[in-house]
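Asks: next come a sequence and a model predicted from it.
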Protein chains: 2
Amino acid sequence: MSPPPLTPTGRVILGMIALGRQTGYDIKQFVDKSTRFFWAASYGQIYPELRRLEEQGLISGQPEPRGGRARTVYTLTPAGEAAFTDWLDDADEELPFEVRAEGMLKLFFSDAGTPEQRLRNLSAMRDSHQRTLDQLRALHDKPVDMPTGPRLTLELGIGLHNLIVEWCEAADRRLTTEATTDAD
Amino acid sequence: MSPPPLTPTGRVILGMIALGRQTGYDIKQFVDKSTRFFWAASYGQIYPELRRLEEQGLISGQPEPRGGRARTVYTLTPAGEAAFTDWLDDADEELPFEVRAEGMLKLFFSDAGTPEQRLRNLSAMRDSHQRTLDQLRALHDKPVDMPTGPRLTLELGIGLHNLIVEWCEAADRRLTTEATTDAD
DNA sequence: AGGTGCATGTAACAGGTTACATGATTAA
DNA sequence: TTAATCATGTAACCTGTTACATGCACCT
């Protein structure tokens, strides 16, 4: 009886269309320079999901070829708009926050290795987050005017990766000092 | 020719056995109060993976029933120890860091809603991370002496969730001020 | 007698990535 | 002419969760 529930990816797509993204390709490009640091998506998900959303009557696609190049432009139906704003309005639902961090895993198990190994892994982790941080800052410094939502999440992302980088550096100093003190 | 590569979950299991966890059940309990904040695992993964690791000769299981209750105790084989320390020793490999944060998604799209909606979602996100923070602090304050690795990752976890909570509060203040200023 | 914890396991499903295939358009 | 970009799509695979089934041990 009830319609199939919106999947998280479905909601992202709805949101992206609400923000003016028109095609599957367009959505993917935009995700890659905006939400990808806290929500990634691949073509393998996007195109099938666009189909499903259209079957459910939440979006509707019109063929709008550019030259000889096939192209389908999507817009939200009233039902799609309602589903999206219902989701935004529901502040009671659980907010899953899942992390998979291999660097932290290595750190967690680092007592099984040598102190030098631990410091090398710490440093690799630092570098990896520094690279992400650089990308986020590049996005942030670009002089395009950004809506409040994207700006907020970008700033939080910068804060997060910055914390990790600084924490790695602090941990490195602490561990190095301990090692030196032990050697004395 | 080459052996099937170790999966991330396989490495976690190897590590847990190296840390003295003996059974699948034991590993699951321990994951749930240690790595789960940056690496979760379910029985549906653990038991099949134990089988695969044994087939690959990296661990070996001895039946050690407790009373009439079936129980299999696993230990690392020399090959398993080697595979595990090889992984720890490789500081050049990529360190995937993946996040799926629905709260940030709602924030990202919040320009499509009202300012009040945005503040409610911000507050829900704050509460959710505060709950996680409380759990992490409870773990941290328990007077068990923790190896350096687990202690480091726990402290980083606390720092991360604490940053998010504080950032949510700061964003709330900023947005509230802006709204008030606009209304003047 | 009943609840909690210990212990093992799987089938069905959901979610997501990778690699591939195809082809037009545009800028160098 | 060739590389990059626009654009769509799928099949095979991998990873992981949920829900269920089973049964003993221990405490109250």
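Replies: Everything's here; your move.

Asks: residues in contact with the residue nearest to the spatial centre of chain A?
Replies: Most central in chain A under Cα atoms, centre = their mean is A:Phe38, positioned 2.5 Å from the mean C-alpha point. Contacts for A:Phe38 (Cβ atoms under 8 Å, 6 or more residues apart in numbering or on different chains) come out as A:153, A:157, B:99-101, B:104-105. C-beta: built from backbone N, CA, C; applies to glycine.

Asks: which of these count as buried?
Replies: A:153, A:157, B:99, B:101, B:104-105 (16 or more other Cβ atoms under 10 Å in any protein chain shown).

Asks: against which helices or strands is the longest helix belonging to chain A packed?
Replies: In chain A, assigned by DSSP state H, the helix with the most residues is helix A:148-183. Helices and strands touching helix A:148-183, by 3 or more Cβ pairs under 8 Å, 6 or more residues apart in numbering or on different chains; DSSP states H and E, are helix A:115-141, helix B:102-108, helix B:148-183.

Asks: the nearest residue to A:Ile158 once chain neighbours are set aside: how many residues sit nearby?
Replies: Distance criterion Cβ to Cβ, 6 or more residues apart in numbering or on different chains; nearest residue to A:Ile158, sequence neighbours excluded, is A:Leu136 at 4.9 Å. Per other Cβ atoms under 10 Å in any protein chain shown, the neighbour tally for A:Leu136 reads 20.

Asks: now A:Leu136: how far from A:Leu88?
Replies: 24 Å (Cβ to Cβ, to the nearest Å).

Asks: can you tell me how far the spatially closest residue to A:Pro115 that is not a sequence neighbour sits from B:Asp145?
Replies: Counting by Cβ to Cβ, 6+ apart, A:Pro115 lies nearest to A:Ala179, which is 5.6 Å off, once chain neighbours are set aside. Counting by Cβ to Cβ, the gap from A:Ala179 to B:Asp145 is 19 Å.

Asks: which of the two has more neighbours?
Replies: A:Ala179 (13 against 5).

Asks: thought A:Ala179 was touching A:Asp172?
Replies: No: assessed by Cβ atoms under 8 Å, A:Ala179 is found out of contact with A:Asp172, at 10.7 Å.

Asks: what sits against the closest residue to A:Leu95 other than its chain neighbours?
Replies: Once flanking residues are discounted, A:Leu95 sits nearest to B:Gly103: 4.1 Å by Cβ to Cβ, 6+ apart. Residues near B:Gly103 by Cβ under 8 Å, 6+ apart: A:95, A:97, B:121, B:124-125, B:128-129.

Asks: now for those: which two are most distant?
Replies: Taking Cβ to Cβ, the two most distant members of the contacts of B:Gly103 are A:Phe97 and B:Asn121; they sit 13.6 Å apart.

Asks: then stretch A:38-51 to CSV, C-alphas only?
Replies: Output of stretch A:38-51 as CSV, limited to C-alpha atoms (Å, rounded to 0.1, in the frame of the first residue of the first chain):
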residue,chain,number,x,y,z
PHE,A,38,30.5,13.0,3.6
TRP,A,39,28.4,11.4,1.0
ALA,A,40,29.8,9.9,-2.2
ALA,A,41,27.8,8.5,-5.2
SER,A,42,28.8,6.6,-8.4
TYR,A,43,27.2,6.4,-11.8
GLY,A,44,26.3,2.8,-11.0
GLN,A,45,24.0,4.2,-8.4
ILE,A,46,22.8,7.4,-9.9
TYR,A,47,21.4,6.2,-13.2
PRO,A,48,19.4,3.2,-11.8
GLU,A,49,18.2,5.4,-9.0
LEU,A,50,17.0,8.1,-11.5
ARG,A,51,14.9,5.3,-13.1
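
Asks: show the average pLDDT along it.
Replies: Mean per-residue pLDDT for stretch A:38-51: 97.

Asks: so where's chain A uncertain?
Replies: A:1-3, A:181-184 (pLDDT under 70).

Asks: show me what from it comes close to DNA strand C.
Replies: A:7-9, A:40-45, A:66-69 (Cβ under 7 Å from any atom of the strand).

Asks: buried members of these into PyMOL, please.
Replies: What follows is the PyMOL syntax selecting those of the residues of chain A next to DNA strand C that are buried according to 16+ other Cβ under 10 Å:
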select buried, chain A and resi 9+41+45
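
Asks: how does chain A divide into domains?
Replies: A:8-89, A:102-183 (automatic domain parsing).

Asks: which of the buried ones among the contacts of A:Phe38 sit farthest apart?
Replies: A:Gly157 and B:Leu105 (12.6 Å).

Asks: quick one on the thing from earlier: in the longest helix of chain A, which residues are buried?
Replies: So, applying 16+ other Cβ under 10 Å, buried residues of helix A:148-183: A:148-150, A:152-165, A:167-168, A:171, A:175.

Asks: ok, back up a step: and the domains of chain A as TSV, adding distance to DNA strand D?
Replies: Formatted as TSV, those follow (distance: least, Cβ to the nearest atom of the strand, whole Å):
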stretch	distance to DNA strand D
domain A:8-89	3
domain A:102-183	10
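
Asks: hmm, B:Gly159 and A:Leu160 touching each other?
Replies: No: between A:Leu160 and B:Gly159 there is no contact under Cβ under 8 Å: 9.9 Å.

Asks: give me the secondary structure label for A:Arg100.
Replies: strand (DSSP: H, G, I helix; E, B strand; the rest coil).

Asks: how many neighbours does the nearest residue to it once chain neighbours are set aside have?
Replies: Distances taken as Cβ to Cβ, 6+ apart put B:Glu98 closest to A:Arg100, at 4.5 Å, once the chain neighbours are dropped. The number of residues packed near B:Glu98 is 13, by other Cβ under 10 Å.
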